[in-house]
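Novice: coordinates for the following, if possible.
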Amino acid sequence: MYQTAQVEESLNAVMRVHHETVELETEGGVQFIDITDQIAEIVNDSGILNGWVNIQTQHTTTAIIVNEHEPLLLEDMKDLLERCAPQQHDYRHNDFNIRTVNMQPDEQPNGHSHCRALFLRASETLNIVEGKLNLGRWQRIFFIELDCPRLRNVSVMVMGQSGTRFRVVRGRKT
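Specialist: Numbering: from 1, shown residues only. Below you'll find the model as predicted:
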């Protein structure tokens, strides 16, 4: 049997938006970085009681996912990404003799990283209920590095209702 969530209301409710950027230093390869606690802290500091948080990577060779933090599962996911887009495959993106777009002086072959990102998401949007992330028992938020070590940025936008908190249960304030 499912219980329906009670809606929190406030006489002082205000729609609010809060933004922060999380900086991460990655180690390279396929790396899963659990950022759940950092996101929960941003949500807590935002003052938003009910709404959403959007977590967005700002890079084309990284991803954001929600999944279980279990070491063997993370290894399975790394293996799957390698099978889907092997690093040693020939990618036209890596042929600097024919590629002319978005080239940098320190360009490295990373076609596999871009192709792996194709199977993942650049952002996740999660619910905030009563001022807290509304995650399931095993759910964690991961930033995934798919390329080489470097400084990375994650944009975190928290939106929703702020104000005085009280619960409405079956029509009564508690």
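Novice: so what's Met16 bridging to?
Specialist: Actually, residue 16 is Arg rather than Met. As for beta bridges, Arg16 partners with Gly160 under DSSP bridges.
Novice: next, give phi and psi for the residue nearest the centre of the chain.
Specialist: By CA atoms, centre = their mean, the chain has its centre lying nearest to Ile64, at 3.5 Å. Backbone dihedrals for Ile64, given as degrees, to the nearest 10, come out at phi -120, psi 130.
Novice: what sits against it?
Specialist: 55-57, 120-124, 141-144, 154 (CB atoms under 8 Å, 6 or more residues apart in numbering). C-beta here means a position set from N, CA and C on the backbone, and glycine is covered the same way.
Novice: ditto for His93
Specialist: Neighbours of His93 in contact, by CB under 8 Å, 6+ apart: 99, 109-111, 114.
Novice: and Asn67, by the same measure?
Specialist: By CB under 8 Å, 6+ apart, the neighbours of Asn67 are 73, 77, 139-140, 142.
Novice: and which of those is nearest Val22?
Specialist: Phe142 (12.6 Å; CB to CB).
Novice: and that closest one, how many neighbours?
Specialist: Phe142 is flanked by 22 other residues according to other CB atoms under 10 Å.
Novice: and what of the one 5 residues further on?
Specialist: As a burial measure, Asp147 scores 22 neighbours (other CB under 10 Å).
Novice: ok, the one 5 residues further on next?
Specialist: Burial measure for Arg152: 19 neighbouring residues, criterion other CB under 10 Å.
Novice: biggest helix in the protein by residues?
Specialist: helix 71-84 (DSSP state H).
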